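Q: 3D, please:
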Amino acid sequence: KSTADVITIEAGHLNGKLYLPDALRPSRDQLRTGIIFDEDNPLCCLIASAPNKPKRITCHGTCFLPRACADKLYPFQSPSEQSFFQFRNVTFKNRRVVGKVAVGSETLMLQQKCREMNARFQPPYQWCHQWLRSDGNASDNNHIIDPYEANLPPAGCSLIPGTHSAYQNLLLFPSSSSQHNRKISSNHHADDGTTNNNKLAFCGIPKNGITNWIQLLRFVIGAPDYLSVPYEKHDYKKFLFDALDEHVQLDILNDDSYVFAAFLRDPAERLLSLYLDKINGSDERWKKHFVSRYGLNGTPTFEAFVKMLDGERTSCPLNGKISDTRRLGGIDWCTDEHWAPQTFNCGLSEFLPRFKFIGSLNRVEHQAKQILQHVGLWESYGRYYHEEKSFVPHSSCIVPPPELKVGDMLSGFQQQQRRMTKKDKMVPTKEQGTMKFAHHSTQSQSKVDEYYTEELKAIVKRLYANDYKVWNLIKDEEELMSGRELAMKLSSTCNENAVS
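A: The predicted model follows:
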């Protein structure tokens, strides 16, 4: 590892003479009066644009950042950025009342499309939909990406109760150039990193390190509590692709300056990690959640759990409150996102060539850095990202920023080897895995042989056959692969109809 990559804190970083990202900049300013606080944690508040006012501000609010409390622009850096990220409006003209929610005709059309596509169970796995016409011939004018024309639950379905969207975990990172220029204009000395107009669209896949990438997004937008469990925080949700207006979504999907990227994982290891973390883990809240949600009689063994997933499903229960073990059967659009196929996410099954980078979680340290370098986020953010060695993340809604001192070495985003303590001389091997320090780490790689029989391995390979098709192409590759390259290897039709 190049020592030039490692940031060592100097006095200038702490007094403002040297560049530090806002999320790390030491600030203990008192929050302004007149702002709603959590009684137990007065350093947290809801962003001004939050849609509601939940009781637990610590879990939903941004903490240790006065700007987030009063500035209606936050988490955006400019009015133009705020204007671009337009939220989909679920209330239109020509309203009808559905239950207690007033929605318009466009929302009803989306609801119908979402339920129709979720009920189909399986995507067609064409891999390169944008290269194909209905007659199967190539067309130079037919590489436009329109998820509403593909056989996928369209973007926006996560807003419809009881349905899944193929794009619900697609994270949009702000432009590195706009963030970088803001630093220079604020009289902080930025590093020597180059900037470009590329923007990262990262496909967060549950059980593939999605928490880390959401935390990085919050780090980039300046949230000092970026190490908190992020899922209920309002600030990062402003950058969720699925929540944006349809025309904005189409612009992003067809804008080459958006670099799409994803990391995949060994499907057998991922399923075991899910089981050890959520179904049979130490967090009783998750265990009770899944026992209740799926009508389980206590915690099943791993073998029983896998065989439940291997059952057949005859219908898709849209009512999420129904508790029934039959909901576990089948791997399809109705499957819980934690163990749904990885290739169901972000249009991978249909628009794989749209992805500039597909990486392996086994090589996340090297490949995550490559992705961030390509979009101009490594020099100003990735290098500076920091988790303290003693930090044990799991369920805290409010984690203060690291208290940096002169001489501290910043860990860097996903740079696991840097986090080894001085007495840990040995570098993690591929077999030990690079997820040693990751959130919800279950050390599942080392437990695969313990939990899997040959029968269970065969079941998982059949249930996740399409995930394995992609995984087998990338698992031994040191460098990132492109979705275009993968699609042409996966399908002779894609290879024949590739559009240059």
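
Q: State whether His60 and Ile47 are indeed in contact, as I suppose.
A: No. Using CB atoms under 8 Å, His60 is not in contact with Ile47; the gap is 9.2 Å. Where C-beta positions appear, they are placed from N, C-alpha and C, glycine not excepted.

Q: more neighbours, these two?
A: Ile47 (25 against 22; other CB atoms under 10 Å).

Q: and the more buried one, what element?
A: Element membership of Ile47 [criterion: DSSP states H and E] is none; it lies in no helix or strand.

Q: right, and it touches Gly61 too?
A: Yes. Using CB under 8 Å, Ile47 is in contact with Gly61, at 7.3 Å.

Q: list residues touching both of these two?
A: By CB atoms under 8 Å, 6 or more residues apart in numbering, Ile47 and Gly61 have these common neighbours: Ala68, His234.

Q: In the longest helix along the chain, which residues are buried?
A: Identified as the longest helix of the chain according to DSSP state H is helix 105-119. Going by neighbour count (16 or more other CB atoms under 10 Å), the buried part of helix 105-119 is Glu106, Thr107, Leu108, Leu110, Gln111, Lys113, Cys114, Arg115, Met117, Asn118.

Q: so how many other residues sit close to the closest residue in space to the fifth one that isn't next to it in sequence?
A: Excluding its sequence neighbours, the residue lying closest to Gln111 (CB to CB, 6 or more residues apart in numbering) is Ile160, at 4.9 Å. By the criterion of other CB under 10 Å, Ile160 has 22 neighbours.

Q: list the contacts for the residue lying closest to Arg354 once chain neighbours are set aside?
A: Sequence neighbours aside, Phe260 is the residue nearest to Arg354 in space, at 5.3 Å (criterion: CB to CB, 6+ apart). By CB under 8 Å, 6+ apart, the residues touching Phe260 are Ala201, Phe202, Cys203, Cys346, Arg354, Phe355, Lys356, Phe357, Gly483.

Q: With Leu171 instead?
A: Residues near Leu171 by CB under 8 Å, 6+ apart: Leu200, Ala201, Phe202, Cys203, Gly204, Trp213, Ile214, Leu217, Tyr236, Phe239, Leu240, Phe241.

Q: could you redo the last one with a cut-off of 7 Å?
A: Phe202, Gly204, Trp213, Ile214, Leu217, Phe239, Leu240 (CB atoms under 7 Å, 6 or more residues apart in numbering).

Q: Next one: Gln464 from Val291, what distance?
A: No, residue 464 isn't Gln; it's Tyr. For Tyr464, the distance to Val291 equals 24 Å [CB to CB, to the nearest Å].

Q: So between these two, which is more surrounded?
A: Using other CB under 10 Å, the more surrounded residue of Tyr464 and Val291 is Tyr464, with 23 against 16.

Q: Thought Leu271 was touching Arg207, still the case?
A: No, residue 207 isn't Arg; it's Lys. No. Under the criterion of CB atoms under 7 Å, Lys207 makes no contact with Leu271, lying 8.2 Å away.

Q: does Arg313 really touch Gly330, like I thought?
A: Yes. Taking contacts as CB under 7 Å, Arg313 lies within contact range of Gly330: 3.3 Å.
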